[in-house]
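Colleague: Structure for the following, please:
(one chain, ligands or ions: 1)
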Amino acid sequence: MNHAIELKGVTKRFGDFGAVNGVDLAVPQAQRCALLGPNGAGKTTLLNLISGRLSLSDGEIRLKGHDVSRASARRRAQLGVGRSFQKTNIFPQLTLLENVRLGVQNREGRRNWNPWRAADGDAALNETAARWLRQVNIRRSHDARASALSYGEQRQLELAITLATEPQIVLLDEPTAGMSHSETAVILELMAKLLEGLTVVIVEHDLSVVDRIAHRVVVMERGGVICDGTPAEVKADTRVQSAYLKGAHRA
Ligand SMILES: Nc1ncnc2c1ncn2[C@@H]1O[C@H](COP(=O)(O)OP(=O)(O)OP(=O)(O)O)[C@@H](O)[C@H]1O
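Modeller: Okay, here's the model as predicted:
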């Protein structure tokens with residue numbers, strides 16, 4: 001069986017320092033997998049290796065059965081990888097619609113969009129972008145600048161941009177970081193609905209988010225995997241309790 005994501009001996013060294021050390025991980029299609037672990041465990045580095053933002057020092061990465069170990073981030077996006085970042089990654093000076101259009105255009109580019117249909121394409125592009133804005137429930141004029149949004153709304157916008165690329169594999173880096181309790185509740189409901197059926201790897205410190213979103217939890221420490229199981233199994237694991245849960249905090 002081809003897994004959506006398959007990592008074998010995945011290793012990233014920065015100089016002499018091993019940030020990720022020989023990680024093996026297979027994520028079946030449509031599974032939502034949370035990466036947990038203390039600061040510096042290697043979670044973001046692992047996401048960057050999967051997306052192609054960082055190159056491997058050693059090991060192999062397959063996406064939907066394709067060996068992408070040395071493939072560019074662009075090639076991986078073509079295979080359906082979409083990602084969001086730890087720090088909000090929107091264009092503050094552009095309108096909400098323009099921001100999401102970038103995601104839609106990215107998807108169209110992958111599908112060999114025909115520039116000769118640009119006029120029609122433009123209206124369709126706007127309609128698709130507007131649909132994604134409605135999906136993430138941002139109750140603002142689509143012509144408002146992104147900079148006018150609250151922090152929570154900016155993260156909703158970022159989710160819309162990511163999902164507008166229609167990814168099959170979604171990599172999310174702390175989507176609720178810095179959010180208030182009520183903002184977290186909003187994005188959580190959205191994610192539970194919009195990530196249905198997609199393969200997801202999500203770095204998340206907040207256990208309530210993990211419980212709501214993840215089928216599976218992989219705990220990392222010092223670049224390696226120390227526990228892998230359902231959220232209940234992982235919470236009951238004594239190694240996880242001493243390595244992580246005692247010191248767990250929001251980044
Ligand atoms: N470009 C880099 N150059 C050198 N060291 C790096 C680089 N990127 C990450 N590291 C180091 O690799 C280790 C893992 O970092 P990473 O950001 O992946 O951890 P993390 O588990 O995501 O932590 P956090 O929860 O704080 O985001 C850290 O010690 C970090 O300082």
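Colleague: C-alpha only now, for contacts and for neighbours.
Modeller: Fine.
Colleague: Checking my notes, Lys12 in a strand, right?
Modeller: Yes - under DSSP: H, G, I helix; E, B strand; the rest coil, Lys12 sits within a strand.
Colleague: okay but it is in contact with Glu60, surely?
Modeller: No - in this structure, Lys12 is not within contact of Glu60 by Cα atoms under 8 Å, at 11.4 Å.
Colleague: So for these two, which sits in the more crowded spot?
Modeller: The neighbour comparison of Lys12 against Glu60 (other Cα atoms under 10 Å) goes to Lys12, with 24 against 19.
Colleague: Could you confirm whether the lowest-mean-pLDDT helix or strand in the chain reaches the ligand?
Modeller: Ranking every helix and strand in the chain by mean pLDDT, DSSP states H and E puts helix 238-243 at the bottom, with a mean of 80. No - using Cα under 6 Å from any ligand atom, helix 238-243 stays clear of the ligand, coming no nearer than 12.8 Å.
Colleague: And that helix, how far out from the chain middle?
Modeller: Here helix 238-243 is found 26 Å from its chain centre; the criterion is Cα atoms, centre = their mean, to the nearest Å.
Colleague: now the helix or strand where Val170 lies: mean pLDDT?
Modeller: Element membership for Val170 (DSSP states H and E) is strand 169-173. Summarised as a single mean, pLDDT over strand 169-173 is 94.
Colleague: contacting residues around that strand?
Modeller: 4, 44, 47, 51, 80-86, 198-204 (Cα atoms under 8 Å, 6 or more residues apart in numbering).
Colleague: can you give me the helices for the stretch 1-150 of the chain?
Modeller: For the stretch 1-150 of the chain, helices defined by DSSP state H, counting those that start in this stretch occupy the ranges 43-51, 73-78, 96-110, 118-135.
Colleague: and Ala26, what does it touch?
Modeller: Here Ala26 is in contact with 3-7 (criterion: Cα under 8 Å, 6+ apart).
Colleague: Do you have the helices of the stretch 151-251 of the chain handy? List them.
Modeller: For the stretch 151-251 of the chain, applying DSSP H, counting those that start in this stretch gives helices covering 151-164, 181-194, 207-213, 231-236, 238-243.
Colleague: among those helices, where is the model least confident on average?
Modeller: helix 238-243 - the lowest mean pLDDT of the helices of the stretch 151-251 of the chain, at a mean of 80.
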